[in-house]
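Student: Below are the sequence and a predicted model; questions follow.
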Amino acid sequence: MSEFNTQVIEEFRENEGRVGGPFAGAPLLLLHHVGARSGRAQTSPVMYLADDDRYLVFASNGGADQHPAWYHNLRAKPDTEIEVGTDRFAVHAEEITGAERDELYARQARLYPGFAKYQEGTSRVIPVVALSPAKTAGA
């Protein structure tokens, strides 16, 4: 994990989910995932968009031409956990496609114009992933 991510994660946990720097004021969660090839537990700070009971995350990778590692890891193992504020809970990841993906990505880009620049900077379609609270037994 990069030193930058380590610092963001520490700040997130020390300040009940709030961080400064490039994420100041932005909704941020900590995404736990397991390496698809390595099998190692990993944590990534990721901006999100609240959508009813879902947390939408965008595999922008800063506009790079490849998907971020966490995206590949969630595709391999979609049942995971996230931290939002001081809460940590189980979620199931599901990629959103088609018109719904386009509308949700456009909404994120209106709120945070950097996401429009990320999409413009790459030929790939940036995936949108919904993280939905895992169903509990008897629910």
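Tutor: Arrived safely.

Student: Bridging across strands, which residues link to the closest residue to Lys77 other than its chain neighbours?
Tutor: Nearest residue to Lys77, sequence neighbours excluded (Cβ to Cβ, 6 or more residues apart in numbering): Val34, at 5.2 Å. For glycine as for every other residue, the C-beta is placed from the backbone atoms N, C-alpha and C. Beta bridges link Val34 to Ala41, judged by DSSP bridges.

Student: quick one, what contacts Val34?
Tutor: By Cβ atoms under 8 Å, 6 or more residues apart in numbering, the residues touching Val34 are 40-42, 73, 76-77, 80.

Student: Tabulate those (CSV), appending neighbour count and pLDDT.
Tutor: What follows is the contacts of Val34, written out as CSV (neighbours: other Cβ atoms under 10 Å; pLDDT from 0 to 100):
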residue, neighbour count, pLDDT
Arg40, 10, 94
Ala41, 10, 95
Gln42, 15, 95
Asn73, 23, 97
Ala76, 12, 96
Lys77, 14, 96
Thr80, 19, 97
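
Student: Following the chain onward from the top helix by length along the chain, which element is next?
Tutor: Assignment by DSSP state H gives helix 98-111 as the longest helix of the chain. The first helix or strand that comes after helix 98-111 along the chain, using DSSP states H and E, is helix 114-120.

Student: Would you state the strands of the protein in chain order?
Tutor: Using DSSP state E, the strands of the chain run over 28-34, 41-51, 54-58, 79-84, 87-96, 128-133.
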